[in-house]
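[1] got a predicted structure plus its sequence, pasted below:
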Amino acid sequence: MLDPYRLKTDFPILQTTMNGKPLVFLDSAASSQKPFQVIDAIDKYYKEQNANIHRGVYYISQKATELYERTRIKVAEFIGAKCGKVIIFTRNTTESINLVTQTWGRKNIGRGDVIVLTELEHHSNIVPWQMLAEEKSAVIKYIPINSDSSLDLSTLDTLIDYRTKIVAVSQMSNATGTIHDIKHIVQKAHSVGALFLLDGAQGACHIKTNVQELDVDFYAFSAHKMLGPTGVGVLYGKEEILERMPPWMGGGDMINDVSLERSTYADLPARLEAGTPNISGVIAFKEAIEYLEKVGLDEIHHHEKILNEYALERLNNLSGITIYGVNDLDKRGGVISFNLDGVHAHDVGSILDEEGIAIRVGHHCAQPFMKKMKIAGTCRASFYLYNTTEDIDRLIDGIKQVKEIFGRVLKR
């Protein structure tokens, strides 16, 4: 079984303090911590391999290119893609989704066409589609959520029909940790000829994913949530779809021939990767993936279920607390969102910060969900492979301190 105590030793920041207290990091849903292997790979690139890629004939440029392209192959293997050419490197999940809306979307979405999302999406999977819909006079429809934040799939037959061009859904909610039944929605989308985009920002780091088995047309995710560097994102697309997508950005490395009159474009994946990328980050991303593979995503998910069960049991023993999300641990990733009666989420976060406990507070880029719940935001504790039950005990002790402080304030 996964040993979080041993794994912690691979993460230098987890050996530090925050406000004079040993750091308890419970914000991996925003960005995970990085192990030595990833940090060392970045350091080695700048010390020994620093050169631009795909252009130089000299040794270190060729070496950097080789390492960069090895990561592309590793990513393809990690998500079960057919080959590396269908892996497009971007800056993050947000850019990956925007690439789809601004290339495939502009070419294929027209007046009256329907885009289907859900009420539980991150803003990154809402705003780009809203921008496209406004530009093209298209219509956006939303799969509603139930009171426990699960999707109401009984609405699919009325929402997804012959006018639907694409359905875009998160694999796992960053706001509640809810893991969605993706296969059923993919099948419904394809039954009417629509494409399906899976937002894997939270899923890729927690759930073993095979894009061919799921039959998704696009898959978008980020390295920084899965032990990798910031500034590296991935867009997977089916080859026949990517081949028909026009370039989004023009510039170096994405061309075949340029004259003063016109330009022709390179083959995949270069056509969709203009300019110098985050070379060190992409190279180090391979180390992050190999670390996750060594631990095992199934083991990580099982560990998170144990932490969820323990945390929910302890939280439910507290009075005056509201917890959001599904009760089925098989359908919940390592995220617990909650509120304390009479205490603003920012106050909770500030007091926990003084105790060395890092959680996220606010609307978590999921304002439609917050409005549906009639709340301004939540406190969110998110777990990963390096978290322990002792981290949760520290969280509970911190929450008790919040309740004690505000109990004294309210009595005045």
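    That came through fine.

[2] show me the shaky parts of the stretch 301-412 of the chain.
    For the stretch 301-412 of the chain, the stretches flagged by pLDDT under 70 are 408-412.

[3] where exactly do the helices run in it?
    Assigned by DSSP state H, counting those that start in this stretch, the helices in the stretch 301-412 of the chain fall at 345-354, 367-373, 389-411.

[4] one more: the stretch 51-200 of the chain?
    59-79, 93-100, 106-108, 127-136, 156-159, 182-191.

[5] tell me the mean pLDDT for the longest one?
    Right, helix 59-79. The pLDDT scores in helix 59-79 average 98.

[6] give me the contacts around that helix.
    45, 48-56, 81-84, 86-87, 89, 204, 209-211, 219, 234, 236, 269, 277, 279, 282-283, 285-286, 289-290, 293 (CB atoms under 8 Å, 6 or more residues apart in numbering). (Glycine included, C-beta is placed from N, CA and C.)

[7] can you list the domains in the protein?
    Using automatic domain parsing, the domain ranges for the chain come out as 4-30+296-411, 38-293.

[8] with mean neighbour count added, can I get those in TSV?
    Below are those laid out as TSV (neighbours: other CB atoms under 10 Å):
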stretch	mean neighbour count
domain 4-30+296-411	18
domain 38-293	19
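
[9] wait, which of the helices of the stretch 301-412 of the chain is closest to E261?
    Of all the helices of the stretch 301-412 of the chain, helix 367-373 sits nearest to E261, with 46.8 Å by CB to CB.

[10] so how far is that closest one from its chain's centroid?
    From the chain centre to the centre of helix 367-373 is a distance of 19 Å (CA atoms, centre = their mean, to the nearest Å).

[11] which other helices and strands contact that helix?
    Counting contacts by 3 or more CB pairs under 8 Å, 6 or more residues apart in numbering; DSSP states H and E, helix 367-373 packs against no other helix or strand.

[12] can you show me the CA trace of that helix as PDB?
    Taking C-alpha atoms only, helix 367-373 is exported to PDB below (Å, rounded to 0.1, in the frame of the first residue of the first chain):
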ATOM      1  CA  GLN A 367     -19.400  30.700  -9.300                       C
ATOM      2  CA  PRO A 368     -22.400  29.100 -11.000                       C
ATOM      3  CA  PHE A 369     -22.200  26.200  -8.500                       C
ATOM      4  CA  MET A 370     -21.900  28.700  -5.600                       C
ATOM      5  CA  LYS A 371     -24.900  30.600  -6.800                       C
ATOM      6  CA  LYS A 372     -26.900  27.400  -7.200                       C
ATOM      7  CA  MET A 373     -26.000  26.500  -3.600                       C
END
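
[13] hang on, the earlier thing: using a markdown table, lay out the helices of the stretch 51-200 of the chain together with distance to I143.
    Converted to a markdown table, these look like this (distance: least, CB to CB, whole Å):
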| stretch | distance to I143 |
| --- | --- |
| helix 59-79 | 24 |
| helix 93-100 | 17 |
| helix 106-108 | 21 |
| helix 127-136 | 13 |
| helix 156-159 | 6 |
| helix 182-191 | 8 |
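
[14] ok so, going back, strands - which of the contacts of helix 59-79 land there?
    Judged by DSSP state E, strands contain the following of the contacts of helix 59-79: I87, F89, Y219, V234, Y236.

[15] could you identify the most distant pair in those residues?
    Across these (CB to CB), the longest gap, 13.4 Å, separates F89 and Y219.

[16] between the two, which contacts overlap?
    With CB under 8 Å, 6+ apart, F89 and Y219 have common neighbours V234.

[17] so which of the helices of the stretch 51-200 of the chain gets nearest F338?
    helix 93-100 (25.0 Å).

[18] ranges for the strands of the stretch 201-350 of the chain?
    Using DSSP state E, counting those that start in this stretch, the strands found in the stretch 201-350 of the chain span residues 218-222, 233-237, 255-258, 263-265, 321-324, 335-340.

[19] could the ones you listed go into a markdown table alongside distance to I145?
    Formatted as a markdown table, the strands of the stretch 201-350 of the chain follow (distance: least, CB to CB, whole Å):
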| stretch | distance to I145 |
| --- | --- |
| strand 218-222 | 21 |
| strand 233-237 | 26 |
| strand 255-258 | 45 |
| strand 263-265 | 41 |
| strand 321-324 | 11 |
| strand 335-340 | 14 |
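
[20] which one, of the ones you listed, ends up nearest to I109?
    Across the strands of the stretch 201-350 of the chain, closest to I109 is strand 218-222 (CB to CB), at 14.0 Å.

[21] so what does that closest one touch, helix or strand wise?
    Packed against strand 218-222 by the contact rule (3+ CB pairs under 8 Å, 6+ apart) you find helix 93-100, strand 195-199, strand 233-237.

[22] what's in contact with it?
    The contact list for strand 218-222 (CB under 8 Å, 6+ apart) reads 79, 92-93, 96-97, 100, 195-201, 203-205, 209, 211, 228, 232-238, 241.

[23] what pairs with it, and is each one parallel or antiparallel?
    strand 195-199 (parallel), strand 233-237 (antiparallel) (DSSP bridges).

[24] okay, angle between that strand and helix 93-100 too, please.
    Here the directions of strand 218-222 and helix 93-100 differ by 150 degrees (axes from the mean of the first three to the mean of the last three CA atoms, to 10 degrees).

[25] only C-alpha atoms, please: export strand 218-222 in CSV.
    Extracted C-alpha coordinates of strand 218-222, given in CSV (Å, rounded to 0.1, in the frame of the first residue of the first chain):
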residue,chain,number,x,y,z
PHE,A,218,-10.5,16.0,-26.7
TYR,A,219,-8.8,15.7,-23.3
ALA,A,220,-7.3,18.7,-21.5
PHE,A,221,-5.2,18.7,-18.4
SER,A,222,-2.2,20.4,-16.6
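
[26] so how far is it from its chain's centroid?
    8 Å.

[27] and it, what's its mean pLDDT?
    pLDDT averaged over strand 218-222 gives 98.

[28] report the contact partners of the residue nearest the centre of the chain.
    Centroid-nearest residue in the chain, with CA atoms, centre = their mean: A201, separated by 1.4 Å. By CB under 8 Å, 6+ apart, the contact list for A201 reads T93, H122, S124, S170, Q171, N174, A220, F221, S222, K225.

[29] again, 10 Å this time
    The contact partners of A201, taken as CB atoms under 10 Å, 6 or more residues apart in numbering, are 29, 92-94, 96-97, 122, 124-125, 170-172, 174, 220-222, 224-226, 233.
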